[in-house]
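A.B. asks: Mind folding the following:
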Amino acid sequence: MTDRPAYEYEDEAGEAVLVRPARPEDYDAVAAFTSDTWTDRGVDDYIGDVYHDWIADDDGETRQTFVADVGSDPPTTELGGIVQVTMLSPFEAWAQGMRVSPDFRGRGVAKRLSDATFRFAREAGASVVRNMIFSWNVASLGLTRDTGYDPGIEFRWVHPRPDADADSELSVETGDDADPDAAWSFWTGSDVRTDLRGLVSDPDETWALSELTRERLHDAADEGRLFVVRAGGTRGFAYRNRTYDRESDDGETQTWAEYAVGAWARDDEDAARAVVAAVSRDAASVDADRTRVLVPEGPQWVTDAAVARADVAEQPTFVMEADLT
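C.D. replies: You can find the predicted model right below:
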């Protein structure tokens, strides 16, 4: 393990701030300024729930959680902000969980935290760092642009209902019959790939996107998680990324099945129906209560999903990116 980095600077009020690795004893301070992040939308902030897991996983080489220590003699537990950066591949980094204490907004804390993630990611070998912003979060969208990110892509979650009897007119190859190379060839020339710039849900980091590889499709095929629509050529595919449990609003635990991408040919409603039906059947086979499938934002893809009778998230999500080269 390398020495974990720390960066000192003067904020816009002329006071010294230390951007340093987060520690377990910082939890109470972090929980205090993140507890009310989205209360106006009735949404709980996840930072307090994942904080200790983040710290335990930090290695100072491929993953690091930073805090802005604003105490008079740091390291202290007087904190102005937090962010985490993690490597998703040898060249892709992901930044997440950026929060700034209301008491320190307008003093450049977010910019310095972003600078620390950029430096860390660059030294780890990344050529790009990305993050995810909900489209309704206008303040964060502006802040992200101000701290060095450019617009990337937008996507929408669609939610087919698990159904073991879901049917479609087109045949779908599954299990040993699913051809990952056919899916890859379709992907490389598809409008879905163009609109997503090659990004799909990451296989390891929840709520992160990274570039789809041929190897991922082969892994999915080997494990029976790939579904390829073949009828007069390859017309679409999807694959299951993971299953996970999450507590619903009424306190019940639900099993979710996540699909890294749903891809079908433009102007091909039958292929969209076949992909959605394949997801529905697969979700039922793993006893999932809910699903989510990533598709590009746009009237073509969202209305295709609606025609296929999949539920659709109310709003899109944006991915921003910063060029580190």
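
A.B. asks: and Val275, what does it touch?
C.D. replies: Shown in contact with Val275 (C-beta atoms under 8 Å, 6 or more residues apart in numbering): 172, 227, 229, 236-238, 262-264, 308. For the C-beta atoms, the positions are set from N, CA and C on the backbone; glycine is no exception.

A.B. asks: Tell me the one among the residues you listed nearest to Leu217.
C.D. replies: For these, the residue nearest Leu217 by C-beta to C-beta is Phe237; the value is 8.0 Å.

A.B. asks: Regarding Ala306, what is its secondary structure?
C.D. replies: Secondary structure of Ala306, reduced to three states by DSSP: H, G, I helix; E, B strand; the rest coil: helix.

A.B. asks: and it, what pLDDT?
C.D. replies: What the model reports for Ala306 is a pLDDT of 98.

A.B. asks: again with Gly106
C.D. replies: 87.

A.B. asks: about what we covered before: max pairwise distance over the contacts of Val275: which two?
C.D. replies: The most distant members of those, if one measures by C-beta to C-beta, are Phe237 and Ala308, lying 14.6 Å apart.

A.B. asks: Could you tell me which of the contacts of Val275 are located in strands?
C.D. replies: 172, 227, 229, 236-238, 262-264 (DSSP state E).

A.B. asks: follow-up on the earlier one: and Phe237 and Ala308? Which one has more around it.
C.D. replies: Applying other C-beta atoms under 10 Å to Phe237 and Ala308 shows that Phe237 carries more neighbours, namely 32 against 24.

A.B. asks: My read is that the more buried one contacts Phe186, right?
C.D. replies: Yes: in this structure, Phe237 is within contact of Phe186 by C-beta atoms under 8 Å, at 6.4 Å.

A.B. asks: what residues do these two have in common as contacts?
C.D. replies: Ala263.

A.B. asks: How many residues are close by Ala231?
C.D. replies: Residues within reach of Ala231, counting by other C-beta under 10 Å, total 16.

A.B. asks: Distance check, it against Val158.
C.D. replies: Ala231 sits 22 Å away from Val158, going by C-beta to C-beta, to the nearest Å.

A.B. asks: Where does the prediction get shaky in the chain?
C.D. replies: Applying pLDDT under 70 to the chain flags the ranges 1-3, 37-44.

A.B. asks: what about the helices in it?
C.D. replies: 27-34, 47-57, 109-123, 138-146, 180-188, 191-196, 214-222, 269-285, 299-307 (DSSP state H).

A.B. asks: Tabulate those helices in JSON lines, adding columns for distance to Trp256.
C.D. replies: Shown next, in JSON lines, are the helices of the chain (distance: least, C-beta to C-beta, whole Å):
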{"stretch": "helix 27-34", "distance to Trp256": "24"}
{"stretch": "helix 47-57", "distance to Trp256": "16"}
{"stretch": "helix 109-123", "distance to Trp256": "28"}
{"stretch": "helix 138-146", "distance to Trp256": "24"}
{"stretch": "helix 180-188", "distance to Trp256": "23"}
{"stretch": "helix 191-196", "distance to Trp256": "21"}
{"stretch": "helix 214-222", "distance to Trp256": "17"}
{"stretch": "helix 269-285", "distance to Trp256": "9"}
{"stretch": "helix 299-307", "distance to Trp256": "17"}
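
A.B. asks: Tell me the bridge partners for Thr255.
C.D. replies: Asp245 (DSSP bridges).

A.B. asks: List the contacts of it.
C.D. replies: By C-beta under 8 Å, 6+ apart, the contact set of Thr255 is 243-245, 286-290.

A.B. asks: Quick check: phi and psi at Ser171.
C.D. replies: phi -80, psi 150 (degrees, to the nearest 10).

A.B. asks: burial measure for Leu199, as a count.
C.D. replies: 24.

A.B. asks: How about the contacts made by it?
C.D. replies: 130, 152-153, 209-212, 319.

A.B. asks: Tell me which two in those are the farthest apart.
C.D. replies: Gly152 and Leu212 (15.2 Å).
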